[in-house]
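Colleague: Need a 3D model of the following:
(chains A and B)
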Amino acid sequence: DAKTTQPPSMDCAEGRAANLPCNHSTISGNEYVYWYRQIHSQGPQYIIHGLKNNETNEMASLIITEDRKSSTLILPHATLRDTAVYYCIVRDRPSNDYKLSFGAGTTVTVRA
Amino acid sequence: DAGVIQSPRHEVTEMGQEVTLRCKLISGHNSLFWYRQTMMRGLELLIYFNNNVPIDDSGMPEDRFSAKMPNASFSTLKIQPSEPRDSAVYFCASSSRATNEKLFFGSGTQLSVL
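Modeller: A predicted model of the protein is given here:
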């Protein structure tokens, strides 16, 4: 029962912005959008999360559409080290929902 | 901050043997998660602890699997007896309200049961 839909893979040129889409058309009002990534042979790593407003941190920016049915994770200047599987996860506030359910994610390959 | 520490990094064992995976939480974290990752099933939540108490073990596949938190900073996941289909990467992760419930994952244990 997937709450999100992501493309299975995408390529990106080193130094360019990588825009990763995610559809979550059934998202409810209390649910947040989280992004994690998993570099090969490592555990998943938190990137960013948001509810309604766009968010930015040192790793990425998160753009959420006004109807909240989709979002885009932006890696502003992709490097080879950004090659990873990126997971978009919809989750209620942690006090209501402790579970983080990972789907198949998007395999992003950054090419030199 | 050393992060979540898992040991061993790799484990190779024979079918029927007991396997114990270990996890040290980040200091101050009070939630602990065990996940399993395979190519076929992806990342699956096995069990969740909060304040040392198991809250949800619905993901534990069989009675052969058991998990404990003997204290606030340490957890074990035991498989007895192990079977080839248990071969996977096992991750533990910890979180706390202070970090807005972001999960911090360890590097995982690659388990191979022959």
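Colleague: which regions of the chain lie under the pLDDT threshold?
Modeller: Just going to use chain A. Judged by pLDDT under 70, chain A has its weakly predicted residues at A:1-2, A:94-97.
Colleague: my question was about chain B
Modeller: In the predicted model, chain B carries pLDDT under 70 at residues B:1, B:100.
Colleague: Please, where are all the strands along it?
Modeller: For chain B, applying DSSP state E gives strands covering B:5-7, B:10-13, B:19-24, B:31-38, B:42-50, B:53-56, B:65-71, B:74-79, B:88-95, B:104-105, B:109-113.
Colleague: and the longest one with strand B:65-71, angle?
Modeller: Read it as strand B:42-50. Strand B:42-50 runs at 40 degrees relative to strand B:65-71, counting by axes from the mean of the first three to the mean of the last three C-alpha atoms, to 10 degrees.
Colleague: Flag every residue of chain A that's near chain B.
Modeller: Those residues of chain A that sit near chain B, judged by C-beta under 8 Å from any C-beta of the partner chain, are A:36, A:41-46, A:49, A:94, A:98-104. Heads up, the C-betas are built off the backbone N, CA and C, glycines and all.
Colleague: Which ones among those map onto strands?
Modeller: With strands taken from DSSP E, the overlap with the residues of chain A next to chain B comprises A:36, A:45-46, A:49.
Colleague: Out of those residues, flag the one nearest to residue B:27.
Modeller: Among these, residue A:46 lies closest to residue B:27 (C-beta to C-beta), at 17.8 Å.
Colleague: list the contacts for the closest one?
Modeller: A:34-36, B:102-104 (C-beta atoms under 8 Å, 6 or more residues apart in numbering or on different chains).
Colleague: can we see that at 10 Å?
Modeller: Contact criterion C-beta atoms under 10 Å, 6 or more residues apart in numbering or on different chains gives A:34-37, A:57, A:59, A:100, B:93, B:95, B:99-105 as the residues in contact with residue A:46.
Colleague: Filter the residues of chain A next to chain B down to the buried ones, PyMOL style.
Modeller: Selecting just the buried residues from the residues of chain A next to chain B in PyMOL takes one command, with 16 or more other C-beta atoms under 10 Å in any protein chain shown as the test:
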select buried, chain A and resi 36+43+44+45+46+49+94+98+100+101+102+103
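Colleague: thinking again about what came up before, need the winner for burial among the strands of chain B.
Modeller: Ranked by mean neighbour count, the strands of chain B are led by strand B:88-95 with a mean of 24 (mean count of other C-beta atoms under 10 Å in any protein chain shown).
Colleague: What pairs with it, parallel or antiparallel?
Modeller: strand B:31-38 (antiparallel), strand B:104-105 (antiparallel), strand B:109-113 (antiparallel) (DSSP bridges).
Colleague: mind checking how far the spatially closest residue to residue A:47 that is not a sequence neighbour is from chain B?
Modeller: Nearest non-adjacent residue to residue A:47, counting by C-beta to C-beta, 6 or more residues apart in numbering or on different chains: residue A:35, 4.3 Å away. Applying C-beta to the nearest C-beta, to the nearest Å, the value for residue A:35 to chain B is 11 Å.
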